[in-house]
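1. What follows is a predicted structure for the sequence shown.
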Amino acid sequence: MPAFAQRQDILLNDDWNFRFSHQVQKNTAVRVDLPHTWNAQDALSGKPDYKRGIGNYEKKLFIRSEWQGKRLFLRFEGVNSVANLFINNLHVGEHRGGYGAFIFEITGKVEYGKENSILVRVNNGEQLDVMPLVGDFNFYGGIYRDVHLLITDKICISPLDYASPGVRLIQDSVSHKYARIEALIEVSNGSNKAQEIELRICVRNGKKAVTERKERFSLSGNSDTQQRLVCEIVNPRLWNGRQAPFLYQAEVTLVRDGHVIDKVTQPLGLRFYRIDPNLGFFLNGKHLPLRGVCRHQDRSEIGNALHLRHHEEDAAMMAEMGVNAVRLAHYPQATCFYDLMDQYGMIVWAEIPFVGPGGYMDKGFVNLPAFRNNGKEQLKELIRQHYNHPSICVWGLFNELTQAGDDPTEYVKELNKVAKQEDRTRLTTAASNRPATEPMNFITDVIAWNRYDGWYGGTPSDMGKWLDETHKKYPELRIAVSEYGAGASIYHQQDSLKKPEPTGWWHPENWQTYYHAENWKTIAARPYLWGSFVWNMFDFGAAHRTEGDRPGINDKGLVTFDRKIRKDAFYFYKANWNKEEPVLYLAGRRHTTRHRRTQTIVAFTNQPEAELFVNGQSYGKAKPDGYAVLEWQNVALQEGENEIQVVSKNKKLTLSDSFRCRLESLY
């Protein structure tokens, strides 16, 4: 490496040896590549006692002689949930928390010009001092995100500040005419000598420099310092959500003796926003109704060990449906996914894994000093690591907590204080399922509720009544719907519209479609809601669940766990939310064997009208209602095979959709 070379980032995902801690015999290790989880099979087969314990990951790493005089770091993007790192059998450090990145400096712990051993002992067992304690999702064990070897000069932009980029871009003041950015840069000197350093920041629009600042300073030996540079931009180009998610690049460099020795580039999306208790969310001065979904990070067969292509597929499906807001539940997710949200222009709710019992599970909060400290540390990690993502607008502090037993109210106040100390520019929020009168609902800046009216009880109309009563009683509260959803199996079809038992084995798809159509009508009619978030965008793993078409799956997703099938409700939202792409979709296409001669045929479209044909015979044209729904009643099927087709035509475009079904007598 040349004397003034910039940092290197080497991916260490290949060729690890894995074994469980109880496998003490020789030759029990198996070769794995990262990302990896040991629960991809047992947890996803609906085995509630899936393996939760210690797994060992070992790797040989050759440390080149020319790296002497440099600094070496190992950065882990995500290990669930407690990780202990050993280099050459010497303990380097421990990280407690399964969803944030962490980093250790290994400069003084390696041998140069030799193979060095890396051992990571990973424990996903229950820990009373590590969030989360409970959750309606799987706690997959393993090194399930990327691992990096980072090589820098002795003087560098420090990666040791909670594994953050070391650069915090504070949007001190932003408007259509002016933006002021305060950049806080962590600089570290790992040498014994004092150094004269020049620090530069350049905000670029592509290759064009928009604004630049630089400053010289002296850095004493073996010391860390925080430097502050202020940039100003006149008539800035704003990051404007899905409409125009423009990103500047903020390039921060360290220069010594005229040579660049380190550089970090971060996204800079300039925006301003507010939430009004009566009018909802505003981005850059304009009202923006947030049409959101929630997302878990796992999928079938691979659990949470996702690659970039999986994250890209998820983001693309959200964009296709017309989503403009995402709640990333119930934990920090991969950095690359926040990058995708920046690029797509989606408003993000990012949260820590402070998850409550959800009714039938064990406690989500224990009043232990170690637990309280762990939650604060995970919150600091979340904010510092992802501070520069313009998509993130709210920090989530908890989900479905209860005051029973150890009351977490005072602790939530402490978390809220930490969030405000870490980030003065963003709002805090939480997802409640408790009565509006409870004190925890009044701590965060804004609040949201998980509502399942029409699934776990009541009817879809109950949501509107509850929301209106709450808004009337507490007009100062800025409220949203953080979860609403219903289970659905693509294999469960029925002629009639009948509400199923939510914990039963029968989850017909048409009830989910009806549920979402009725709940969306309620939400869309209430502008005081600052947002709504469908639970869930995708089916996800929950080993303890015994319902739907198989155990181990929460099937409330609008897309199947393997991402192969978009359920009917997906297309309902696409017709309502996606105004860029023509949509015409026939619901009930998987209901291929029917028993009632007279049927109601339903389609979704964002076009002015469509015509229905059954076995070539027209049943007339229909116009969609205010929620993109077309309906033809009293449609007669013939015994045996039937072809259902819907067609929409205008001067510029012809759309059609069809499916075949069979009418069979029950007798």
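-> Ah, there it is.

2. Check which residues of stretch 410-419 are buried.
-> Residues 411-412, 414-416, 418-419 are the ones in stretch 410-419 that count as buried (16 or more other C-beta atoms under 10 Å). In short, each C-beta sits where N, CA and C put it, glycine included.

3. What ranges does the stretch 151-300 of the chain have for its helices?
-> Counting by DSSP state H, counting those that start in this stretch, the stretch 151-300 of the chain forms no helices at all.

4. residue ranges for the strands of it, please.
-> Using DSSP state E, counting those that start in this stretch, the strands assigned to the stretch 151-300 of the chain run over residues 155-157, 167-174, 178-189, 195-205, 208-219, 223-234, 239-240, 244-245, 248-256, 259-268, 273-276, 280-283, 286-287, 291-295.

5. Taking the centroid of the chain, which residue is nearest it?
-> By C-alpha atoms, centre = their mean, the chain has its centre lying nearest to residue 328, at 2.8 Å.

6. Closest to residue 481 out of the buried residues of stretch 410-419?
-> residue 412 (20.2 Å; C-beta to C-beta).

7. What separation do you get for the residue nearest to residue 554 when sequence neighbours are not counted and residue 555?
-> Spatial nearest neighbour of residue 554, chain neighbours left out: residue 542 (4.4 Å); criterion: C-beta to C-beta, 6 or more residues apart in numbering. Residue 542 sits 10 Å away from residue 555, going by C-beta to C-beta, to the nearest Å.

8. quick one: which of the two has more around it?
-> residue 555 (26 against 23; other C-beta atoms under 10 Å).

9. Could you list the low-confidence segments of the stretch 351-500 of the chain?
-> Low-confidence segments of the stretch 351-500 of the chain, defined by pLDDT under 70, span residues 358-362.

10. where exactly do the helices run in it?
-> Listed in chain order, the helices of the stretch 351-500 of the chain (DSSP H, counting those that start in this stretch) span 369-386, 409-422, 461-473.

11. The last one packs against which elements?
-> If you count contacts as 3 or more C-beta pairs under 8 Å, 6 or more residues apart in numbering; DSSP states H and E, helix 461-473 packs onto strand 479-484, helix 509-524.

12. Save those as JSON lines, and put in distance to residue 598 and mean neighbour count too.
-> Shown next, in JSON lines, are the helices and strands packed on helix 461-473 (distance: least, C-beta to C-beta, whole Å; neighbours: other C-beta atoms under 10 Å):
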{"stretch": "strand 479-484", "distance to residue 598": "32", "mean neighbour count": "25"}
{"stretch": "helix 509-524", "distance to residue 598": "16", "mean neighbour count": "22"}
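
13. re earlier: any idea which of the helices of the stretch 351-500 of the chain is most buried?
-> helix 369-386 (a mean of 20; mean count of other C-beta atoms under 10 Å).

14. what sits up against that helix?
-> 96-97, 99-102, 128-131, 133, 161-165, 168, 332, 335, 338, 350-354, 365, 392, 395, 397, 411, 414-415, 418-419, 422-423 (C-beta atoms under 8 Å, 6 or more residues apart in numbering).

15. 6 Å instead, please
-> With C-beta atoms under 6 Å, 6 or more residues apart in numbering as the test, helix 369-386 has contacts from 96-97, 100-101, 129-131, 162-164, 332, 338, 352, 354, 411, 415, 418, 422-423.

16. Stretch 642-656 now?
-> 582, 584, 586, 603, 607, 610-615, 657-661.

17. Tell me how far it lies from the chain's centre.
-> Distance, stretch centre to chain centre, for stretch 642-656: 37 Å (C-alpha atoms, centre = their mean, to the nearest Å).

18. if we can go back for a sec, for the contacts of stretch 642-656, work out which two are farthest apart.
-> Top of the distance list for those (C-beta to C-beta): 582 and 615, 25.6 Å.

19. Those two: which is more packed in?
-> In this view residue 582 and residue 615 are compared by other C-beta under 10 Å, and residue 582 has more residues nearby, 16 against 12.

20. Which phi and psi values does the more buried one adopt?
-> Here is the backbone geometry of residue 582 (degrees, to the nearest 10): phi -60, psi 130.

21. which residues does it contact?
-> By C-beta under 6 Å, 6+ apart, the contact set of residue 582 is residue 655.

22. ok, it to residue 574 distance?
-> Distance, residue 582 to residue 574, using C-beta to C-beta: 10 Å.

23. in the stretch 301-450 of the chain, which spans are strands?
-> Going by DSSP E, counting those that start in this stretch, the stretch 301-450 of the chain shows strands at 325-328, 347-351, 392-399, 427-432, 447-450.

24. Residues in contact with the first one: which ones?
-> Just to be clear, that refers to strand 325-328. 290, 292, 294-295, 346-350, 531, 533.

25. ok, now the fourth one?
-> Contacts made with strand 427-432 from outside it, assessed by C-beta under 6 Å, 6+ apart, are listed as 394-399, 416, 419, 441, 444-446, 448-450, 482.

26. what helix or strand is the nearest residue to residue 30 once chain neighbours are set aside on?
-> Leaving aside its sequence neighbours, residue 30 sits nearest to residue 18 (C-beta to C-beta, 6+ apart; 5.7 Å). Using DSSP states H and E, the element containing residue 18 is strand 16-20.

27. does residue 646 have beta-bridge partners, and which?
-> residue 612, residue 657 (DSSP bridges).

28. Could you report the separation of it from residue 575?
-> 12 Å.

29. what do you get for residue 335?
-> Residue 335 is 33 Å from residue 575, by C-beta to C-beta.

30. So the two - more neighbours on which side?
-> Using other C-beta under 10 Å as the criterion, residue 335 and residue 575 rank with residue 575 on top: 26 against 19.

31. isn't there a helix covering that one?
-> Yes. Residue 575: assigned to a helix according to DSSP: H, G, I helix; E, B strand; the rest coil.

32. Just give me the neighbour total for residue 643.
-> 12.

33. Then the one 3 residues further on?
-> Other residues lying near residue 646 total 26 when counted by other C-beta under 10 Å.

34. Run through the residues that contact residue 296.
-> 137, 540.

35. what's the neighbour count on residue 607?
-> Residue 607, neighbours per other C-beta under 10 Å, totals 18.

36. Spatially, what comes nearest to it if we skip its sequence neighbours?
-> Here the residue nearest residue 607, using C-beta to C-beta, 6+ apart, is residue 648, at 4.4 Å.

37. Quick check: the one you found vs residue 661, distance?
-> 21 Å.

38. My guess is residue 396 contacts residue 353. True?
-> No. Using C-beta atoms under 6 Å, residue 396 is not in contact with residue 353, being 9.9 Å away.

39. Touching stretch 261-277 from outside, list them.
-> Against stretch 261-277 from outside (C-beta under 6 Å, 6+ apart): 4, 6-7, 152-153, 156-157, 165, 167, 169, 174, 179, 236, 238-239, 247-254, 281-284, 342, 388, 390, 393, 446, 476, 478, 530.

40. now do stretch 614-623
-> 609, 611-612, 630, 632, 635, 642-644.

41. can you redo those as TSV with distance to residue 139, pLDDT and secondary structure?
-> Listed next are the contacts of stretch 614-623 as TSV, based on distance: C-beta to C-beta, whole Å; pLDDT from 0 to 100; DSSP: H, G, I helix; E, B strand; the rest coil:
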residue	distance to residue 139	pLDDT	secondary structure
609	50	96	coil
611	51	98	strand
612	48	98	strand
630	44	97	strand
632	47	98	strand
635	48	96	strand
642	47	98	strand
643	48	98	strand
644	44	98	strand
